[in-house]
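[1] Next one to model:
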Amino acid sequence: MSLTIASILAESATRYADNTAVVLGDLRITYAQLWGHAKQYAAVLREKGIGPGDKVALLLPNTPHFPLAYFGTLALGAVAVPVHALLKAEEIEYVLADSGAKALICAAPLLGEGAKGAELVGVPVLAVMDGGDATIERIDTLALAATPIEDFVPREPSDTAVILYTSGTTGKPKGAELTHLNVTMNVAVSAQHSFDIDSNDTVLGCLPLFHTFGQTCCMNTAFYVGATVVLLPRFDGSAALELLVNEKCTIFMGVPTMYVGLLEAAKTSDARPQLKSAMSGGAALPLAVLEKFTEVFGTRVLEGYGLTETSPVATFNQKSFEPVAGTVGKTIWGVEVEVAKAEIDERIELLPAGELGEIVVRGHNVFKGYLNNPEATAAAIVDGWFRTGDLGTKDADGYVRIVDRKKDMVIRGGYNVYPRDVEEVLLRHPAVGQVAVIGLPDAQYGEEVCAVVVKDGALSEEELIAWSKEQLAAYKYPRRVIFTDALPLGPSGKILKRELVVQYKE
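    Modelled structure (predicted):
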């Protein structure tokens, strides 16, 4: 039995050959062209020794190079390892080393950190785009002269296809292994049962493609049905509004901060797209934003829920059911989502409808496990259920509400920020004695990263923010610093972050 994500693009290149697959500025690429060129990328990678099961890391922005490198990798039966575009060299080094990447495909603007990270671990780099280091070979240039591979390499449904790095509140980031079955099923179910999308649609691709939401829900689902993806490399409310109108986009997918950005842009522009649907995920969308968006744009926002480990969609306000604002909808086709007792770790005890507990997921969307980390996998998948770490309820009609997170993760503008990562860096500052990183409510980003610090020397808020900006990815560093004499501790000496949130959220 064989199955590969590569068939998503390969099939559409046959069924929708002349449809426009990708738009970037004035550039328009058809499905036939995109697949043909992806097979040329595959030919270059094969010449470089990449074969089935090998890992290829992708450090790329939202340009056509992403789908070309992604599908070129998958066409060889290799594993795609998308890397967060905002990471610093040492963070990139960790992902490359942990995944065992055999190559890094890196965009010229990201070579500063990317090439440095690859050098630290001895991984060869292939560049794309102009303006990079002339000594680094360019896969986009080499591909133009390459003979495309004949067809994709078949894979088993259970083979790892994509490794996406996520992290818990403790320790290093973990590589979530998604299989060809996980992703293909999530895409097929989204296209057929959840989203109202077909080959006549145009989707604004402003979600980062290295992230599971942008990759699976936006790119792969659109490609599966032969729709057009209009790429926006860097989100900006005004630019997004302009593109939505000029490209006649019918579908918008975004995280809550993007909805806030569009509403902001609408205050100074009369331009309004004719949207068929708008979808939100990545973090809870404030009801006020949802209502305002419906009022201003005349389009209902449909919220969904999922995680990297659930490929990602687990629930959605899907087309078959009446959407309910403030919920993340119902379980998607073929998947079970229930609520379990959050305080019991070693087994799953399901709760009756309406009770608050930990959201657990079971089905074709649950990942294979964390790469090289059997302990973390065993803690996450219990009795066949994936423990999400999120607290919520499921009512008698099957609608799921996310109430809070069991973990202390901060979601800033749809990006996951793990306090422990930030704390470890801040503790390296000579004047930081103790630190607890928390998320505080923020009108623009949903949550803002805040460091509560016990000083060990002279230090100002501005100094620490400037210092941490140098050490951490742009979405991680604290925008707020609060100094205190002591942090609240529990009986075991653990810092009580919830108390800090309550204390400072006003």
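
[2] pLDDT below threshold where in the stretch 101-250 of the chain?
    167-171 (pLDDT under 70).

[3] can you rerun that using 50?
    Applying pLDDT under 50 to the stretch 101-250 of the chain flags the ranges 168-170.

[4] Now do the strands in it.
    Per DSSP state E, counting those that start in this stretch, the stretch 101-250 of the chain carries strands over the ranges 103-107, 125-128, 160-166, 174-179, 202-205, 228-231.

[5] and if you look at the stretch 401-506 of the chain?
    Under DSSP E, counting those that start in this stretch, the stretch 401-506 of the chain gives strands at 410-412, 415-417, 432-442, 446-455, 480-483.

[6] Quick one: closest of those strands to Val79.
    Within the strands of the stretch 401-506 of the chain, the stretch nearest Val79 is strand 415-417; the backing value is 21.8 Å (CB to CB). C-beta: built from backbone N, CA, C; applies to glycine.

[7] which helices and strands sit right next to that closest one?
    For strand 415-417, the packing partners by 3 or more CB pairs under 8 Å, 6 or more residues apart in numbering; DSSP states H and E come out as strand 410-412.

[8] Within its sheet, name the partner strands of the strand it packs on and how each one runs.
    Here strand 410-412 is paired, per DSSP bridges, with strand 415-417 (antiparallel).

[9] Show me what counts as buried in the partner strand.
    Tyr415, Asn416, Val417 (16 or more other CB atoms under 10 Å).

[10] which of these lies closest to Ala145?
    Closest to Ala145, out of all of the buried residues of strand 415-417 and judged by CB to CB, is Tyr415, at 38.2 Å.

[11] what's the nearest residue to that closest one if we skip its chain neighbours?
    Leaving aside its sequence neighbours, Tyr415 sits nearest to Tyr475 (CB to CB, 6 or more residues apart in numbering; 4.3 Å).

[12] can you tell me how far Leu391 sits from Tyr415?
    From Leu391 over to Tyr415 the distance is 21 Å, taken as CB to CB, to the nearest Å.

[13] Please list all residues in contact with the most centrally placed residue in the chain.
    For the chain, the residue sitting closest to the mean C-alpha position, by CA atoms, centre = their mean, is His211 at 2.5 Å. Shown in contact with His211 (CB atoms under 8 Å, 6 or more residues apart in numbering): Pro82, His84, Leu164, Gly414.

[14] Kindly recompute the last result at 10 Å.
    By CB atoms under 10 Å, 6 or more residues apart in numbering, His211 lies in contact with 82, 84-85, 164, 217-218, 255, 282, 308, 312, 414-416.

[15] For the residues you listed, give me JSON lines that also has distance to Gly398.
    Shown next, in JSON lines, are the contacts of His211 (distance: CB to CB, whole Å):
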{"residue": "Pro82", "distance to Gly398": "33"}
{"residue": "His84", "distance to Gly398": "34"}
{"residue": "Ala85", "distance to Gly398": "37"}
{"residue": "Leu164", "distance to Gly398": "28"}
{"residue": "Cys217", "distance to Gly398": "21"}
{"residue": "Cys218", "distance to Gly398": "26"}
{"residue": "Val255", "distance to Gly398": "25"}
{"residue": "Gly282", "distance to Gly398": "22"}
{"residue": "Thr308", "distance to Gly398": "24"}
{"residue": "Pro312", "distance to Gly398": "20"}
{"residue": "Gly414", "distance to Gly398": "26"}
{"residue": "Tyr415", "distance to Gly398": "30"}
{"residue": "Asn416", "distance to Gly398": "27"}
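
[16] Tell me which of the strands of the stretch 101-250 of the chain approaches Arg362 most closely.
    Nearest of the strands of the stretch 101-250 of the chain (CB to CB): strand 174-179, 15.4 Å.

[17] strands paired with that closest one, and their directions?
    Using DSSP bridges, strand 174-179 pairs in its sheet with strand 160-166 (antiparallel), strand 369-370 (antiparallel).

[18] returning to that earlier point: mind putting the strands of the stretch 101-250 of the chain in a markdown table, mean neighbour count and distance to Thr63 included?
    Shown next, in a markdown table, are these (neighbours: other CB atoms under 10 Å; distance: least, CB to CB, whole Å):
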| stretch | mean neighbour count | distance to Thr63 |
| --- | --- | --- |
| strand 103-107 | 27 | 7 |
| strand 125-128 | 24 | 8 |
| strand 160-166 | 24 | 19 |
| strand 174-179 | 25 | 23 |
| strand 202-205 | 26 | 10 |
| strand 228-231 | 26 | 6 |
